[in-house]
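# starting from these lines, generate the structure:
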Amino acid sequence: MRHIKIIDDITKDGQVAFGEGYDFVPTAEEADAILMRSTDLHGYELPDGIRAIARCGAGVNNIPVEEYARQGVVVFNSPGANSNAVKEIVIAMMILSSRGVVQSMNWVRENADDPNIFVNAEKAKKAFVGHELRGKRIGVVGLGNVGSKVANACVELGMDVFGYDPFISVEHAWALNREVQRVGTLEDLCRGCDYLTLHVPSKADTIHMISADQLELLAPGAVLINFARETIIDEEAVDAALRAGKLSWFAGDFATPATVKMPNTFITTHSGAGTAEAEANCADMAISELKDYLENGNIAHSVNYPACSMGKARAASRIACLHANVPNMIGQITRILADDNANVQRMVNESAGENAYTMFDTDEHLDATTIDALKHIGGMYRVRVIK
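Here you go, the predicted model:
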């Protein structure tokens with residue numbers, strides 16, 4: 001039996017199922033793995049028995065991923081599982097910022113006691129005339145799971161769509177509508193845009209990537225949309241652009257002390273992925289990742305270890321080694337196996353930055369002395385006997 005500790009409310013209805021061979025435990029000290037969403041684990045003392053953590057969502061800023069890597073703990077996320085939900089709310093924000101919908105509804109509420117409201121509403125509607133999205137230019141920063149969907153949806157809306165992503169994957173490039181025009185620099189993307197929407201992770205090279213210089217290149221009265229991460233924008237520059245009329249609206253998913261005081265904003269409660277469908281999709285992906293790792297040692301969608309798979313564990317023994325990406329690690333592993341006269345059916349090694357993962361199947365079970373020798377190799381973080 002494998003034990004799972006659940007942190008946070010994973011789905012709206014509270015339903016989480018791992019299936020046969022798993023149970024839920026009340027404390028992390030009793031668990032083999034953690035399923036979580038938004039709790040901040042920085043400063044949290046992770047029990048030694050935890051082998052993996054899966055976050056139901058894409059961002060992992062709330063998890064010390066490199067610290068956990070050195071403890072031999074694989075951290076998974078669920079990229080793309082909530083991308084349709086975010087795409088839909090981004091499109092909604094584009095419409096809200098273009099058509100005076102909220103302002104019009106507010107007028108109706110404010111005048112609800114007017115006995116002549118039907119006639120007066122006809123007169124008032126001229127104040128809320130907006131404009132259509134068709135024919136407008138939009139720049140999409142980041143063409144990954146969400147950005148590619150937003151770009152394609154904007155093409156279908158008849159917009160002139162430009163995308164910027166120097167690190168776009170082959171998978172997402174193939175998914176793009178051929179009418180999405182890719183540009184080579186952020187400045188070229190911003191130039192003349194009526195709308196700019198952000199879909200990149202928060203990293204050293206994306207913090208404040210949208211500042212006064214980029215905003216100045218947008219068309220007068222442009223709309224900025226940030227449903228990525230709060231750090232992507234320079235808040236002072238956005239505030240100044242709104243007050244100067246350079247930006248007509250700013251829509252964001254992050255209620256910071258600065259954004260909530262800006263004029264002409266639609267700020268939501270970090271609910272871009274807040275749909276029952278997205279929650280279920282994220283949970284399903286995270287659960288699948290945990291199960292495949294716990295049962296077979298396979299890694300997919302990890303943020304601190306490389307992708308690696310050898311299918312189902314069918315040999316007498318499968319051993320997984322989580323270690324530093326240093327020279328001669330494989331040589332040391334195979335030397336220990338040779339001393340045990342172990343016959344290796346197959347072996348795979350993958351690396352990602354400073355961390356690496358080696359997995360192998362043997363015809364027989366390795367004895368405790370051999371496993372202990374593997375654990376004592378310099379730079380070895382964890383050795384798992386899966387079967």
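
# so the residue positioned nearest the centre of the chain is in which element?
Geometric centre of the chain, nearest residue: residue 58, 1.9 Å, by CA atoms, centre = their mean. Following DSSP states H and E, there is no helix or strand that holds residue 58.

# hmm, it is touching residue 76, no?
No - taking CB atoms under 8 Å as the definition, residue 58 is not a contact partner of residue 76, at 11.0 Å. To be clear about C-beta, it is placed using only N, CA and C from the backbone, and glycine gets the same treatment.

# give me the contact list for the helix or strand residue 155 falls within.
Assessed by DSSP H and E, residue 155 sits inside helix 145-156. Applying CB atoms under 8 Å, 6 or more residues apart in numbering, the external contacts of helix 145-156 come out as 58, 79-80, 83-84, 86-87, 90-91, 133, 138, 140-141, 143, 161, 163, 165, 172, 175-177, 179-180, 197, 199-200, 227-228.

# of those, which belong to helices?
Residues of the contacts of helix 145-156 located in helices (DSSP state H): 83-84, 86-87, 90-91, 172, 175.

# for residue 207, give me its contacts.
Contacts of residue 207 (CB under 8 Å, 6+ apart): 231-232.

# how about 7 Å then?
Each residue near residue 207 by CB atoms under 7 Å, 6 or more residues apart in numbering is listed here: residue 231.

# same question, the one 4 residues further on
Contacts here follow CB under 7 Å, 6+ apart; on that basis residue 211 touches 234, 237.

# likewise residue 227?
Residue 227 sits next to 86, 89-90, 253, 272 when contact means CB under 7 Å, 6+ apart.

# again, 8 Å this time
Contact analysis of residue 227 by CB under 8 Å, 6+ apart lists 86, 89-90, 93, 146, 197-199, 251-253, 272.

# over to residue 236?
residue 258.

# that one sits in which helix or strand?
Assigned by DSSP H and E, residue 236 belongs to helix 235-244.

# same check on residue 206?
Going by DSSP H and E, residue 206 is not part of any helix or strand.

# what is the burial count for it?
Neighbour count for residue 206, taken as other CB atoms under 10 Å: 17.

# so it versus residue 154, what's the distance?
21 Å (CB to CB, to the nearest Å).

# make sure residue 213 is indeed in a helix.
Yes - using DSSP: H, G, I helix; E, B strand; the rest coil, the assignment for residue 213 is a helix.

# quick one: residue 294 from residue 266, how far?
Taking CB to CB, one finds residue 294 at 42 Å from residue 266.

# kindly apply the preceding question to residue 79 instead.
26 Å.

# and which of the ones in helices among the contacts of helix 145-156 is nearest residue 116?
Of all those, residue 116 sits closest to residue 91, with 35.6 Å by CB to CB.

# which pLDDT value belongs to the closest one?
The model reports residue 91 with a pLDDT of 98.

# the one 3 residues further on too?
What the model reports for residue 94 is a pLDDT of 98.

# next secondary structure after whatever helix or strand it lives in?
Per DSSP H and E: residue 94 is located in helix 83-99. Next helix or strand after helix 83-99 toward the C-terminus (DSSP H and E): helix 101-110.

# could I get the buried residue list for that following helix?
For helix 101-110, burial by neighbour count (16 or more other CB atoms under 10 Å) applies to 104, 107.

# helices and strands around whatever helix or strand comes next after it, which ones?
Counting by DSSP H and E, the element after helix 101-110 in chain order, helix or strand, is helix 117-124. On a contact count with 3 or more CB pairs under 8 Å, 6 or more residues apart in numbering; DSSP states H and E, helix 117-124 meets helix 101-110.
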